[in-house]
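Visitor: need a 3D model of the following:
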Amino acid sequence: MKNRFTFLMAFCLMAFCSFAQVVDIVSGLFLPVGVALKGNDLYVSQFLGSKVSIIDISQPNPNVITLVSFIAAPTGLLVNGNDLYVNSQFNSTTYKVDLSQTTPTLEVFVQNIPSAEGLLIFGNDLYISYKGSEGGIKKVDINNPGTVEDVISGCEVGGMVIKNNVLYFTEYLEGTRVKKFNLGDANPIAETVLSGLSGPNGLTLNGNFLYISEVTGNKISRIDVTQQSPIPEVVVTGLAGPSWTVFDGLDMYFSQETSGKVSKLALNIPVFSVLGSVCSNTMPNNLGGASPTGGTYSGPGVTNNGDGETFTFNPAAAGGAGTYTIIYTAINGNTATAPLTVAEAPVVITNGDESIPVDFGTVPTFDGLPAGGTYSGPGVLPGNLFDPYLAGVGMHTITYTSTAANGCSGSASFILTVTPGANDACDGATSIDNLLGGALNVPQVSTEFNNTGYITADDPSTGYDCFADQGGPSLEHTVWYTFTGDGSTYRIRSVNCNNATPYNDDTQVAIYAGACNSPTPVACNDDENAPAQVYNFSVEVATQAGTAYRMLVDGYDGKEGRFCLEVTNLMPSAATEIGKTDIGVFPNPTTGVVQLTHVKADQVQVFDNMGRLVFTKAQPGTSIDISGVPAGMYFLKITEGEGVYSVRVVKE
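Guide: Numbering: from 1, shown residues only. Below you'll find the predicted structure:
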């Protein structure tokens, strides 16, 4: 109240200005503030008259009819269907009036919003601005007015509008700025759109243009909200405290607080957003944003979107690269023009469709024209490299994009098919002999492998009984490896060697001896330590010198991803045959207990004739009981201190 009274007294001492562009609709009002329009009915709040009035704008000399009265300092108005919302600044109340009633009455909608000013509806939310030292914006669900939420606080807010989920608002009366924030932000922070104004209050959005009533500046200005740094344009000046504004076709109606009038401004000369330039390979459909809305667009390549605000422009239909004149014709027949430049987009050429195996030794570099562009798609790495393991087996769309100096981009795509590698089958198994023969207990790690997209054609039907797939032991995406035994015992594990993504952390392994067409199961493992949730495989195998081994790796329950192999030499092949020593083993053949002479063993390992570790006995001393194993030939590996000895034993 203080702000409005102070300004009113000051204005009475000022010289009046010309109203050459303005037509007064009614006068003699008591400090008119808010305006709202429904059809031909213009609603006006009279701050000092404590009422809301109706003016029929279709009449040349309309009467002012009281709609509701006894409202303490009414300010902002808003029409939503048949409901009129009214803010009462002194009562800290927002009222609702049912306009369909013969005798409308005030109904309290929400209370306790001090110095309520502006109103705005968006979806089901009613936004209410308020001023004072703790001013800001609150919102309330129109279907549940009992819940009031803070939207933003700490600034005196007057008018509000929303465009493209962005809320614009003025700093009320004594402020100088228009600000905005995104409604989608959880904790919105307002940024300044425009400063240097003189008492901005009412806001109206028409097309892309924001109309700002500068109460103490006695003028109405506008800015194009599509511009990065908008420059205000004065629409009309010499007014008397213009406050709230509302559009009806070509005409803008607004209140003038200090002269007690409601006036009309006819926007005879239309404007529309600066078009700048577009690329020859694009079809923008949101150009324009003219004000006043409702007119039509024309020109080469133009299709009117029919909303009176925007149009679609087809550069090819216009004639390609060049500059064209776009015309906007308002509903009063007046026109505005603007140039639109079409910049040539580059013509892009790429490789044709290709096919490479997933185990392709060298990651390919793609070439495209014009040079200097970038590739994108599954498996594409910085530097226009392609990782088939990362992409996985299958068909992938790879796109090359080139951007010219004029800012226009062009792109072209081709299909790159990644096929399973040779090690998808037993007879194409990858050799890991380079990982064998290492120093004792020093892990040797392979390059990265990936079972993504691998299949199980011609895989064996046995040897993986330990696999714990949910539906029972099964094979889904197997990778094959081969190695030749050297007599040493090795631990083989799958590991994550370079933080692979996706990393296959749940692998299974089966090891066979012999040829692919007649493999003999040797070892099997599903998890290294399932109770500890360590699900990569870990298996130990005592190799026989010269024996060819085949190893398949699968993912649990069809799991795919990247992994490496780690091979650790647990027992070197340099075991001494006891025939070259005075160590004795008897009886041999045996039915169970084997006696050892001239040695006190620290450990004895028992292997079958396929090199599978059957069991280990620590500190056996001078005897080992093998009565629990089936009849057959076995190998004993005897460790005493630094000495390692081997002997063949037959169990009857």
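
Visitor: grab the nearest non-local neighbour of Ala404.
Guide: Pro346 (4.8 Å; Cβ to Cβ, 6 or more residues apart in numbering). (C-beta placed from N, C-alpha, C; glycine too.)

Visitor: tell me what Ile55 is bridged to.
Guide: On the basis of DSSP bridges, Ile55 is bridged to Leu42, Val64.

Visitor: check which residues of stretch 140-151 are buried.
Guide: 140, 142, 148, 151 (16 or more other Cβ atoms under 10 Å).

Visitor: what's the spacing between Ser298 and Pro620?
Guide: 101 Å (Cβ to Cβ, to the nearest Å).

Visitor: what about those two, which has more around it?
Guide: Using other Cβ atoms under 10 Å as the criterion, Ser298 and Pro620 rank with Pro620 on top: 18 against 15.

Visitor: ok, now how distant is the more buried one from Thr639?
Guide: Separation of Pro620 from Thr639 (Cβ to Cβ): 10 Å.

Visitor: now the common contact residues for these two.
Guide: Residues touching both Pro620 and Thr639 by Cβ atoms under 8 Å, 6 or more residues apart in numbering: 601, 603-604.

Visitor: between the residues you listed, which sits nearest Val68?
Guide: Gln603 (100.3 Å; Cβ to Cβ).

Visitor: please identify which helix or strand holds the residue nearest to the closest one when sequence neighbours are not counted.
Guide: Counting by Cβ to Cβ, 6+ apart, Gln603 lies nearest to Thr639, which is 4.5 Å off, once chain neighbours are set aside. Per DSSP states H and E: Thr639 is located in strand 632-640.

Visitor: which helices and strands sit right next to that strand?
Guide: Counting contacts by 3 or more Cβ pairs under 8 Å, 6 or more residues apart in numbering; DSSP states H and E, strand 632-640 packs against strand 601-608, strand 643-651.

Visitor: hey, which of these is tucked in deepest?
Guide: strand 601-608 (a mean of 20; mean count of other Cβ atoms under 10 Å).

Visitor: tell me the angle that one makes with strand 643-651.
Guide: Per axes from the mean of the first three to the mean of the last three Cα atoms, to 10 degrees, the angle that strand 601-608 makes with strand 643-651 is 40 degrees.

Visitor: which residues are contacting strand 601-608?
Guide: Outside strand 601-608, the residues touching it (Cβ under 8 Å, 6+ apart) are 489, 542, 571, 613-622, 624, 626, 629, 632-641.

Visitor: buried ones in stretch 370-378?
Guide: In stretch 370-378, counting by 16+ other Cβ under 10 Å, buried: 373-375, 377-378.

Visitor: next step: these restricted to strands.
Guide: Under the assignment DSSP state E, the buried residues of stretch 370-378 contribute 374-375 to strands.

Visitor: please save the CA atoms from stretch 527-535 in CSV.
Guide: Taking Å, rounded to 0.1, in the frame of the first residue of the first chain, the C-alpha atoms of stretch 527-535 are listed here in CSV:
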residue,chain,number,x,y,z
ASP,A,527,32.7,-69.9,-8.6
GLU,A,528,36.0,-69.0,-7.0
ASN,A,529,34.3,-68.5,-3.6
ALA,A,530,30.5,-68.3,-3.7
PRO,A,531,30.0,-67.8,0.0
ALA,A,532,32.1,-64.7,-0.2
GLN,A,533,30.2,-63.6,-3.4
VAL,A,534,33.4,-64.0,-5.5
TYR,A,535,31.8,-65.5,-8.7
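
Visitor: run through who's touching it.
Guide: With Cβ under 8 Å, 6+ apart, stretch 527-535 has contacts from 468, 493, 505-507, 536-538, 556.

Visitor: mind doing that once more with 7 Å?
Guide: 493, 505-506, 536-538, 556 (Cβ atoms under 7 Å, 6 or more residues apart in numbering).

Visitor: out of those residues, the closest to Lys651 would be?
Guide: Ser538 (28.1 Å).

Visitor: list the residues that contact that closest one.
Guide: For Ser538, the contact set (Cβ under 7 Å, 6+ apart) comprises 491, 493, 525, 528.

Visitor: recalculate using a threshold of 6 Å.
Guide: 493, 528 (Cβ atoms under 6 Å, 6 or more residues apart in numbering).

Visitor: roughly how far apart are it and Ile57?
Guide: Ser538 is 86 Å from Ile57, by Cβ to Cβ.

Visitor: give me the spatial nearest neighbour of Leu99, chain neighbours excluded.
Guide: With Cβ to Cβ, 6+ apart, the residue lying closest to Leu99 is Asn82, at 4.8 Å.

Visitor: pop out the phi and psi values for the one you found.
Guide: Main-chain torsions, Asn82, degrees, to the nearest 10: phi -100, psi 10.

Visitor: number of nearby residues for it?
Guide: 12.

Visitor: the residue sitting furthest away from the middle of the chain: which element?
Guide: In the chain, Asp582 marks the outermost C-alpha relative to the chain mean, sitting 74.6 Å out by Cα atoms, centre = their mean. Secondary structure assignment for Asp582, by DSSP H and E: no helix or strand.

Visitor: still on that earlier bit, could you list which of the contacts of stretch 527-535 belong to strands?
Guide: Using DSSP E, the contacts of stretch 527-535 in strands are 493, 538.

Visitor: export the contacts of stretch 527-535 to a markdown table and append columns for pLDDT and distance to Gly514.
Guide: Listed next are those as a markdown table, based on pLDDT from 0 to 100; distance: Cβ to Cβ, whole Å:
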| residue | pLDDT | distance to Gly514 |
| --- | --- | --- |
| Arg493 | 96 | 24 |
| Asp505 | 94 | 31 |
| Asp506 | 96 | 28 |
| Asn536 | 96 | 26 |
| Phe537 | 97 | 21 |
| Ser538 | 96 | 23 |
| Tyr556 | 97 | 26 |
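
Visitor: ok, so of the contacts of stretch 527-535, who is nearest Ile398?
Guide: Nearest member of these to Ile398, counting by Cβ to Cβ, is Asp505, at 28.7 Å.

Visitor: how far away is the residue nearest to Ala404 from Thr399?
Guide: 14 Å.

Visitor: OK, contacts around the closest residue to Val23 other than its chain neighbours?
Guide: Excluding the flanking residues, the one nearest Val23 by Cβ to Cβ, 6+ apart is Lys264, at 4.8 Å. Residues near Lys264 by Cβ under 6 Å, 6+ apart: 23, 25, 251, 253.

Visitor: cool, thanks, talk later.
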